[in-house]
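Asks: Take this sequence and fold it.
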Amino acid sequence: MKLVILGGGGFRVPQVHRALVAAGWVDDLVLHDVDAARLASIRAVLPDGPQITATTDLDEALRGADFVFSAIRVGGLAGRAADEGIAHAHGVLGQETVGAGGIAYGLRTVPTAREIARRVARLAPGAWVVNFTNPAGLVTEAMAEHLGPRVIGICDSPVGLCRRVAHALGVDGVTFDYAGLNHLGWLQGVRRGNDDLLPALLADPEALLSFEEGRLFGVEFLQALGVIPNEYLHYYYDTRDAMGDDRGAFLLHQQERFYRGEVDWETTRLEREATYMKQERDTLDGGGYEHVALEVMRAIATGEATTSILNVRNGSTLSFLDERAVVEVPCTVDATGAHPLPVSPLPDHAAGLVTSVKAVDRLVLEGTRAAALKAFALHPLVDSVTTARDLLDAYVRRHPELAHLG
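Replies: Numbering: from 1, shown residues only. A predicted model of the protein is given here:
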């Protein structure tokens, strides 16, 4: 089986490789990256495992692929740091997938994602694409224009939330009623047979405070909401407090030391995790996004069905969105792909926010200056049209990929 990792010079590739070696059923691994030096640095730290080819030639990488993991970062970490810094300079939140930073990242990533999807459709028409690239829902929707259901977006955030909630409840073998968009979802129920265990959790302050989201949002607010938000809702519910949470500049400095050969990969990884707000993830979740990706890949390759929360086309799952909108919901995955499961209707406050953010996504997909200005101005975390125009102009000046929006 041939697996291609696009963004193969990325810092987290060794974690994916480690999971692949443990799984033991990929025999041909191709790493592709546009940066030959970064690619060589990552190839050098990978231990023995599947046959590995490293290349900067995209067509060579894709030919004959069975699966493609897309984990690109257009503009690199320097681009992320700039996205966040420009947003802060204009007094708005700039996290890489949320608000102004997410819009800027999407605007420069969507054209590249579309081109990759076109190449996959031409060179590996039978391949399945698992998209890691952020903003994951938006990028998956762009790629689906050419690949349809053969592209599936993943994120470990909702899976981690569900595992932490199950741990707090002391249960296993339950199903999760979760819905929304990537980095914009809510856990609405924890089902065991006909019983919903979530109300009991919400009524127990000690249990709520035992896991990350309970501490992040607080007992009183969670009890008022009646649902448990994805951790990224912190940027919407606590915008003022979240202004200093962006990490692009830190990660850029940290990872540059590794790529210059000044520090080894494992030391850099441990330092990264020690400064991340989700410090308990590894101990409770048993792994991150690479394990979600491999579960999806195994189910498609073997036909042994699994269930996971994924980014897929909506169909009729959320009635207030059209069928082609990519949403983040529980899915059954088998040899025929990922199929969304029924979920409860979102409460009005959540549905309203999803509708607003999806409208912004669609404007980003248009890719014109007028649509980009509208996207910034209409985003819930950008507070004025003047600020939106200033943001757009600043991002165009900083990113060569956005020159066409000038």
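
Asks: got the residue ranges for the strands in the stretch 151-300 of the chain?
Replies: 151-153, 175-181, 184-192, 195-196, 228-229 (DSSP state E, counting those that start in this stretch).

Asks: Pairing partners for the third one, with directions?
Replies: Think strand 184-192. strand 175-181 (antiparallel), strand 195-196 (antiparallel), strand 228-229 (antiparallel) (DSSP bridges).

Asks: Can you name the residues that contact the residue lying closest to R73 once chain neighbours are set aside?
Replies: The shortest distance from R73 to any non-neighbouring residue, by C-beta to C-beta, 6 or more residues apart in numbering, is to G7 (6.4 Å). Just so you know, the C-beta spots here come from the backbone N, C-alpha and C atoms, and that holds for glycine as well. Contact analysis of G7 by C-beta atoms under 8 Å, 6 or more residues apart in numbering lists V13, H32, D33, S70, A71, I72, R73, F132, T133.

Asks: for those residues, which one is nearest R191?
Replies: F132 (28.6 Å; C-beta to C-beta).

Asks: can you tell me how far the closest one sits from G10?
Replies: 9 Å (C-beta to C-beta, to the nearest Å).

Asks: re earlier: so what's the residue nearest to R73 scoring on pLDDT?
Replies: You'll see G7 listed with a pLDDT of 97.

Asks: Give me the phi and psi angles of it.
Replies: phi 90, psi 30 (degrees, to the nearest 10).

Asks: Any stretches of the stretch 101-250 of the chain with poor pLDDT?
Replies: 244-250 (pLDDT under 70).

Asks: hey, where'd the helices end up in it?
Replies: Counting by DSSP state H, counting those that start in this stretch, the segments of the stretch 101-250 of the chain that form helices are 136-147, 156-169, 198-202, 205-208, 212-217, 219-225, 234-237, 239-242, 248-259.

Asks: closest one to G102 among the strands of the stretch 151-300 of the chain?
Replies: strand 184-192 (10.3 Å).

Asks: Tell me where the stretch 301-406 of the chain has strands.
Replies: 306-313, 326-334, 337-340.

Asks: Using CSV, lay out those strands together with distance to W265 and mean pLDDT.
Replies: Below are the strands of the stretch 301-406 of the chain laid out as CSV (distance: least, C-beta to C-beta, whole Å; pLDDT from 0 to 100):
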stretch, distance to W265, mean pLDDT
strand 306-313, 28, 98
strand 326-334, 30, 98
strand 337-340, 32, 98
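
Asks: Same list, those, but as a markdown table with mean neighbour count and distance to I52 please.
Replies: Shown next, in a markdown table, are the strands of the stretch 301-406 of the chain (neighbours: other C-beta atoms under 10 Å; distance: least, C-beta to C-beta, whole Å):
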| stretch | mean neighbour count | distance to I52 |
| --- | --- | --- |
| strand 306-313 | 22 | 27 |
| strand 326-334 | 22 | 26 |
| strand 337-340 | 20 | 27 |
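
Asks: a markdown table for these, including distance to A375?
Replies: Listed next are these as a markdown table, based on distance: least, C-beta to C-beta, whole Å:
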| stretch | distance to A375 |
| --- | --- |
| strand 306-313 | 19 |
| strand 326-334 | 17 |
| strand 337-340 | 26 |
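
Asks: Which among those is found nearest to Y237?
Replies: Of all those, strand 326-334 comes closest under C-beta to C-beta, at 17.8 Å.
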